[in-house]
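S.K.: next comes the sequence, and after it the predicted model I'd like to discuss.
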Amino acid sequence: LLGVVRALSKDENVAVVVEHDPEMILGADRVIELGPGAGENGGQIVFDGTPTALRKAKTATGAALKSNRAVFGTRREAAGTIEVTGASGHNLRSVDASFPLGVMTCVTSSRPCYLPFSASSV
């Protein structure tokens, strides 16, 4: 995965990855850690710098990298799905997709695309 992200970020492109895998964190050019906790206890930038500096930081991720333990051991399970059917507009042509609820999902495209719907319309 690190090689893929490196390839995406060449030629002045920017690749932003949300990841808890130590190999990915240590392979980054820059790391931004949000915290200090999760959910309502998070959302603040607690670290912004290089992976080397992060190993010395007094943050949850810094401590995990120093001790070689996993940053987070489990991933959340989806709490259902939201279905999008027949999405059309801009460069989309009758696209059907299913997105998990309650977990982070990344949607990518080689060019801009839009899924024109709001949560209130579902």
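M.R.: Looks like it arrived, so ask away.

S.K.: can you tell me the SS state at residue 93?
M.R.: strand (DSSP: H, G, I helix; E, B strand; the rest coil).

S.K.: roughly how far apart are it and residue 86?
M.R.: Counting by CB to CB, to the nearest Å, the separation of residue 93 from residue 86 is 10 Å. For every residue, glycine as well, the C-beta is placed using N, CA and C.

S.K.: now do the SS call for the most centrally placed residue in the chain.
M.R.: Per CA atoms, centre = their mean, the C-alpha nearest to the average position across the chain is that of residue 18, at 2.7 Å. Following three-state DSSP, we place residue 18 in the coil state.

S.K.: and the strands in this structure, which stretches?
M.R.: When secondary structure is read from DSSP state E, the chain shows strands at 31-35, 44-49, 81-89, 92-100.

S.K.: how many degrees apart are the second one and strand 31-35 in direction?
M.R.: With axes from the mean of the first three to the mean of the last three CA atoms, to 10 degrees applied, the angle from strand 44-49 to strand 31-35 works out at 160 degrees.

S.K.: contacts for strand 44-49?
M.R.: Contacts made with strand 44-49 from outside it, assessed by CB atoms under 8 Å, 6 or more residues apart in numbering, are listed as 30-36, 53-54, 57, 59, 61-62.

S.K.: returning to what we had before: how about the strands of the chain in CSV, adding mean pLDDT?
M.R.: Below are the strands of the chain laid out as CSV (pLDDT from 0 to 100):
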stretch, mean pLDDT
strand 31-35, 87
strand 44-49, 89
strand 81-89, 84
strand 92-100, 81
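
S.K.: winner for burial among these?
M.R.: Across the strands of the chain, the average number of neighbours (mean count of other CB atoms under 10 Å) peaks for strand 31-35, which reaches a mean of 17.

S.K.: what's it packed up against?
M.R.: Strand 31-35 sits against strand 44-49, helix 51-56, helix 60-67, with contacts defined as 3 or more CB pairs under 8 Å, 6 or more residues apart in numbering; DSSP states H and E.

S.K.: for the longest one, which positions count as buried?
M.R.: Put plainly, it is helix 60-67. Neighbour-count burial for helix 60-67, counted by 16 or more other CB atoms under 10 Å, picks out 60, 61, 62, 64, 65.
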